[in-house]
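In: need a structure here:
(one chain, ligands or ions: 1)
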Amino acid sequence: MIAGSSEENIELKTQTLGMRILKEDESHSSRFFSEHFWSKTFLKLSLRYPKLKVEMFRFVDVLPSLRTKKEITEHFVLYLINKDTEISNWVRPFLRNVLSAFPISYFFGMMIRAAVLRTSGNFIAGINFEDAKTRLQNLRKEESVFTLDVLGEAALSEKEAVAYQKQYLDILKSLDSFAGSESTRYGTCPFVNVSVKCSSLYSQISSLATEESVSALKERLRPILRLAKEKNYFINLDAEQFDYKEILLSLAEEIFSEPEFAAYPHFGIVIQTYLKNSQKDLIRILEYSKNRNTPITVRLVKGAYWEYEVIRSREKGWETPVFENKEETDFNYETCAKMLLDSYPRILSAFASHNIRSLSAILAYAEIKEIPKRDFEIQMLYGMGNSYKFVFKRMGYRIREYTPLGEFLPGMAYLVRRLLENTSNQGFLQNFITGRMDYSRLLKNPEESIHAKLS
Ligand SMILES: Cc1cc2nc3c(=O)[nH]c(=O)nc-3n(C[C@H](O)[C@H](O)[C@H](O)COP(=O)(O)OP(=O)(O)OC[C@H]3O[C@@H](n4cnc5c(N)ncnc54)[C@H](O)[C@@H]3O)c2cc1C
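Out: Below you'll find the model as predicted:
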């Protein structure tokens, strides 16, 4: 055991670091979310009125399919005014009449569409690379790096899947002006990093046909990995629904070991700690990385599909693959992070979270283990946690921003997921919308909460 690594010591260091980060940010806390009026209003209303929130999400979901301003207003009335929400019964008839009258219906529809577009613009950097270029350059000026993501999941046809593959290839070809890398103790870390959603690369991906899915995905992925290798860029395979987990793990193990890729150090995968069996998967990947001789990188996340996994497994009568207590996910996140740091440099890590408690626990442990600050990275989503990004950068850590590119329509699923995270009652981020900044609660050890619930 290394000096100073007792559990109490790590916790003490976590609390001290966490306090320091929260206090350093204090003067900027209003910047945690974008200053945009519409985003703030939307998030605040979602938190205050749960029934309205459900209908707002339904409305946002159908919005891309609505063609005219009138249709937008009609659906707004249908979902938010006519349904059982917290809007007072006294006001409903008035709102319904006013919004149905022309030209109010036209202008209101226009305003709603613009507001939702504006909100998605906070989280999506641009329609395509050219559109996002200035924002990407700004990130670099602010000393952040990025991982680019092409929005859209689950291609519905092979034509669509091939088009996605082309989009990834085009992006890789256009990033020359961002090329370069940073030296670290273990080697180098490329500035350019691209996140790939494999379900967008093969329309028939299915857990009922794992071998076929892996084989088809290898075909689609090879040209992308080849080009990335040629340009010394990093490719990450994002984690998706639980159903695809085995496909993605097998795919990574097989393709990263192919002779042309086996010695390339800039590939990564994702482990989701809301999964009950994530520690088992992590051990499997740690072994794999060790045997490969060239390390891969694990991005550690909690998991973005929690509601989906719970609803789906309940619907099917299956045991849910995810923890159902937030503290268990949080505690598992810290445990997995320690497992990763214990295996450094045979495996490299990226810690993707906006939770200051989770990140402080990791930074405290890395400090005790004397792992250099630039030998792992902190990842956050584009448009979220900006003031914390500054604090971490000032402390000397590398911040990589997960930066989506895409059209409004496929971007909707992404936007809705981000908004759900921001307004979830159990989520760390809701504290910043409500302004409930009780530091000791924000930094509470999740293990303590689990024990408290059990006793
Ligand atoms: C840079 C970056 C890259 C990402 N890449 C991916 C990816 O490839 N795949 C992916 O799936 N996600 C990805 N995510 C999203 C991530 O998984 C989380 O959803 C998100 O970061 C919120 O977690 P948090 O630690 O920031 O916040 P917190 O508020 O601390 O945690 C919220 C998370 O806790 C979990 N949770 C919520 N309620 C419960 C409950 N009742 N019981 C158990 N657990 C619960 C959920 O995972 C939820 O997202 C990424 C996030 C970032 C920042």
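
In: just give me the neighbour total for Lys51.
Out: Lys51 has 13 neighbours, counted by other C-beta atoms under 10 Å. For the C-beta atoms, the positions are set from N, CA and C on the backbone; glycine is no exception.

In: ok, it - contacts?
Out: By C-beta atoms under 8 Å, 6 or more residues apart in numbering, the contact set of Lys51 is 83-86.

In: and the strand or helix carrying it, how far out from the chain middle?
Out: Lys51 is located in helix 50-62, with elements delineated by DSSP states H and E. On the basis of C-alpha atoms, centre = their mean, to the nearest Å, helix 50-62 sits 21 Å off its chain's mean C-alpha point.

In: tell me where the stretch 1-150 of the chain has helices.
Out: Taking DSSP state H, counting those that start in this stretch as the test, the helices found in the stretch 1-150 of the chain are 7-25, 37-48, 50-62, 69-76, 92-100, 104-123, 129-141.

In: so how far is the ligand from Phe94?
Out: 38 Å (C-beta to the nearest ligand atom, to the nearest Å).

In: same question for Lys326.
Out: From Lys326 across to the ligand, the span is 4 Å (C-beta to the nearest ligand atom).

In: returning to what we had before: could you dump the helices of the stretch 1-150 of the chain to CSV with mean pLDDT?
Out: Formatted as CSV, the helices of the stretch 1-150 of the chain follow (pLDDT from 0 to 100):
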stretch, mean pLDDT
helix 7-25, 90
helix 37-48, 73
helix 50-62, 82
helix 69-76, 89
helix 92-100, 84
helix 104-123, 82
helix 129-141, 93
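
In: so for Leu405, which of the ones you listed sits nearest?
Out: helix 129-141 (5.4 Å; C-beta to C-beta).

In: check which helices and strands the closest one is in contact with.
Out: If you count contacts as 3 or more C-beta pairs under 8 Å, 6 or more residues apart in numbering; DSSP states H and E, helix 129-141 packs onto strand 145-150, helix 158-174, strand 399-405.

In: and the ones you listed: which comes nearest Ile10?
Out: The closest of the helices and strands packed on helix 129-141 to Ile10 is strand 399-405. By C-beta to C-beta, the value is 23.1 Å.

In: would you mind giving the helices of the stretch 1-150 of the chain as CSV with distance to Gly187 added?
Out: As requested, the helices of the stretch 1-150 of the chain are exported to CSV (distance: least, C-beta to C-beta, whole Å):
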stretch, distance to Gly187
helix 7-25, 27
helix 37-48, 39
helix 50-62, 43
helix 69-76, 52
helix 92-100, 60
helix 104-123, 32
helix 129-141, 21
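
In: to Leu286, which of those helices lies closest?
Out: Closest among the helices of the stretch 1-150 of the chain, once you apply C-beta to C-beta, is helix 7-25, at 20.5 Å.

In: by mean pLDDT, flag the weakest helix or strand of this protein.
Out: Lowest by mean pLDDT, DSSP states H and E among the helices and strands of the chain is helix 430-434, with a mean of 62.

In: on that earlier part again, would JSON lines of the helices and strands packed on helix 129-141 with mean neighbour count and distance to the ligand be doable?
Out: Formatted as JSON lines, the helices and strands packed on helix 129-141 follow (neighbours: other C-beta atoms under 10 Å; distance: least, C-beta to the nearest ligand atom, whole Å):
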{"stretch": "strand 145-150", "mean neighbour count": "24", "distance to the ligand": "7"}
{"stretch": "helix 158-174", "mean neighbour count": "17", "distance to the ligand": "15"}
{"stretch": "strand 399-405", "mean neighbour count": "23", "distance to the ligand": "4"}
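
In: possible to save the ones you listed as JSON lines with mean pLDDT?
Out: Formatted as JSON lines, those follow (pLDDT from 0 to 100):
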{"stretch": "strand 145-150", "mean pLDDT": "95"}
{"stretch": "helix 158-174", "mean pLDDT": "95"}
{"stretch": "strand 399-405", "mean pLDDT": "95"}
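
In: Ser349: what secondary structure?
Out: Recorded secondary structure, Ser349: strand (DSSP: H, G, I helix; E, B strand; the rest coil).

In: any idea of the pLDDT on it?
Out: With respect to pLDDT, Ser349 scores 97.

In: next, count neighbours for it.
Out: Neighbours of Ser349 (other C-beta under 10 Å): 26.

In: also the one 10 residues further on?
Out: Other residues near Leu359 come to 26 when the count uses other C-beta under 10 Å.

In: and if you look at Phe191?
Out: Using other C-beta under 10 Å, the number of residues around Phe191 comes to 19.

In: spell out which parts of the stretch 301-450 of the chain neighbour the ligand.
Out: Residues of the stretch 301-450 of the chain found near the ligand (C-beta under 6 Å from any ligand atom) are 301-306, 323-326, 328-329, 352-355, 358, 379-381, 402, 421, 426-429.

In: and the residues you listed, which are buried?
Out: Among those, those that count as buried by neighbour count (16 or more other C-beta atoms under 10 Å) are 301-306, 323, 326, 328-329, 352-355, 358, 379-381, 402, 421, 427-429.

In: and the helix or strand containing Val391, what does it pack onto?
Out: Val391 is located in helix 386-394, with elements delineated by DSSP H and E. In this structure, helix 386-394 makes packing contacts with helix 7-25, strand 377-381, strand 399-405, judged by 3+ C-beta pairs under 8 Å, 6+ apart.

In: ok and the helix holding Lys51 relative to helix 69-76, angle-wise?
Out: Counting by axes from the mean of the first three to the mean of the last three C-alpha atoms, to 10 degrees, helix 50-62 lies at 150 degrees to helix 69-76.

In: tell me which residues of helix 50-62 come out buried.
Out: 52-53, 55-56, 58-60.

In: in which helix or strand does Leu225 reside?
Out: Using DSSP H and E, the element containing Leu225 is helix 210-231.

In: after that helix, which helix or strand is next?
Out: Beyond helix 210-231 on the C-terminal side, the first helix or strand identified by DSSP H and E is strand 234-237.

In: need the contact partners of that next one.
Out: With C-beta under 8 Å, 6+ apart as the test, strand 234-237 has contacts from 147, 189-190, 192-196, 198, 224-225, 228, 248, 251-252, 266-270, 297, 299.

In: which ones among the residues you listed lie within helices?
Out: 224-225, 228, 248, 251-252 (DSSP state H).

In: neighbour-wise, which of those residues leads?
Out: Neighbour-wise, these (other C-beta under 10 Å) top out at Ala228, 25 neighbours.

In: before we move on, the earlier item: just the buried residues of helix 50-62 now: which is nearest Asp238?
Out: Val60 (22.5 Å).

In: list the residues that contact that closest one.
Out: If a contact means C-beta under 8 Å, 6+ apart, then Val60 has 116, 412, 415-416, 419 as its contacts.
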